[in-house]
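Asks: 3D, please:
(one chain, ligands or ions: 2)
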Amino acid sequence: KHILLLGPPGAGKGTQSKRLAEEFGVEHVTTGDALRANKGMDISDMDTEYDTPGEYMDAGALVPDTVVNAIVKEALTTAGGYVLDGYPRNLDQAEFLSEITDLDAVVYLAVDDDELITRLTGRRVCEACGENFHVEFEPPEEPGVCDECGGELVQREDDTEETARERLSVYEENTAPVIEHYREAGVLTDVNGEASPDAVFDAIVDAVES
Ligand code: AP5
Ligand code: ZN
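Replies: Ligands and ions are numbered 1, 2, ... in the order given. Okay, here's the model as predicted:
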């Protein structure tokens, strides 16, 4: 299966993608995680505004297409099936994607802006294993400690309120048109991302299997 999961920052793409990858026995391909693992990579030879992906990310801006397209192309070439999360984020990326692969399901997780800010600023991530928590909606048994591995929970650098709002505005300008592009093509399934994680998961599985 080739599954594309779209939605604004904090919509639950990461949370659901991990479960979907397990459910369908496919790979979770995420540009956000790939870039976080390469925040300090030297991209100065690509004639970009900043010298590393991390500088774009900490500003809430999009990393240049040349960098991200290369990551996705390589990841999709080696993956059999996949859940793609965090890409495409603008129409040029959507065009590039259509040249390298086909899609079986495109799902859009809709969540209101106020809820997104609450989710992003309350998110905590395990430094050791990457598991996501939320101080209110998905609290760990012991504050600050990962249930899975005992690692330390930290806040992502781009999850401050100021940067989260910047990410939402970058989303509105660049990524909302991508949603409309797939909607007009008649391939998009809308899922209410404000339901419980289990209900959201069931709705996505239905969309993929229909
Ligand atoms: P990226 O890592 O992709 O971040 P994002 O799209 O902003 O998405 P998030 O990871 O913040 O949210 P999510 O939808 O995965 O939600 P989650 O499941 O964690 O990108 C980061 C940066 O990298 C970008 O700003 C950019 O600089 C760069 N980048 C990445 N891709 C790029 C690209 N293609 N092109 C250019 N630049 C790129 O959930 C959020 C919180 O809510 C969690 O705490 C979770 O526990 C909670 N939660 C989840 N579901 C529910 C629910 N149903 N109910 C209640 N709480 C919930
Ligand atoms: Zn952990």
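Asks: do you know how far the closest residue to ligand 1 within the chain is from Asp202?
Replies: Nearest residue of the chain to ligand 1: Gly32, at 2.0 Å (C-beta to the nearest ligand atom). Where you see a C-beta, it was placed from the backbone N, CA and C, and this is true even at glycine. Gly32 sits 24 Å away from Asp202, going by C-beta to C-beta, to the nearest Å.
Asks: Lys39 too?
Replies: Lys39 sits 35 Å away from Asp202 when distances are taken as C-beta to C-beta.
Asks: Contact partners for the residue positioned nearest the centre of the chain?
Replies: Residue closest to the mean C-alpha point of the chain, counted by C-alpha atoms, centre = their mean, is Gly86 at 3.4 Å. Counting by C-beta atoms under 8 Å, 6 or more residues apart in numbering, Gly86 touches Lys13, Thr30, Thr31, Gly32, Asp33.
Asks: Of these - the most surrounded one?
Replies: In terms of neighbour count, Thr30 stands highest of these at 24 neighbours, by other C-beta atoms under 10 Å.
Asks: residues touching the residue nearest to that one when sequence neighbours are not counted, list them.
Replies: What sits nearest to Thr30 in space, not counting adjacent residues and going by C-beta to C-beta, 6 or more residues apart in numbering, is Asp85, at 4.3 Å. Listed by C-beta under 8 Å, 6+ apart, the contact partners of Asp85 are Leu5, Lys13, Gly14, Ser17, His28, Val29, Thr30, Thr31, Gly32.
Asks: Please name the bridge partners of Thr189.
Replies: For Thr189, the beta-bridge partners are Val107 (DSSP bridges).
Asks: quick one, what contacts it?
Replies: Ala105, Val106, Val107, Tyr108, Ala207, Ser210.
Asks: The same query, at a cut-off of 7 Å, please.
Replies: Listed by C-beta atoms under 7 Å, 6 or more residues apart in numbering, the contact set of Thr189 reads Ala105, Val106, Val107, Ala207.
Asks: my guess is the second one contacts Leu188, does it?
Replies: Yes: counting by C-beta atoms under 7 Å, Val106 does reach Leu188; the two are 5.2 Å apart.
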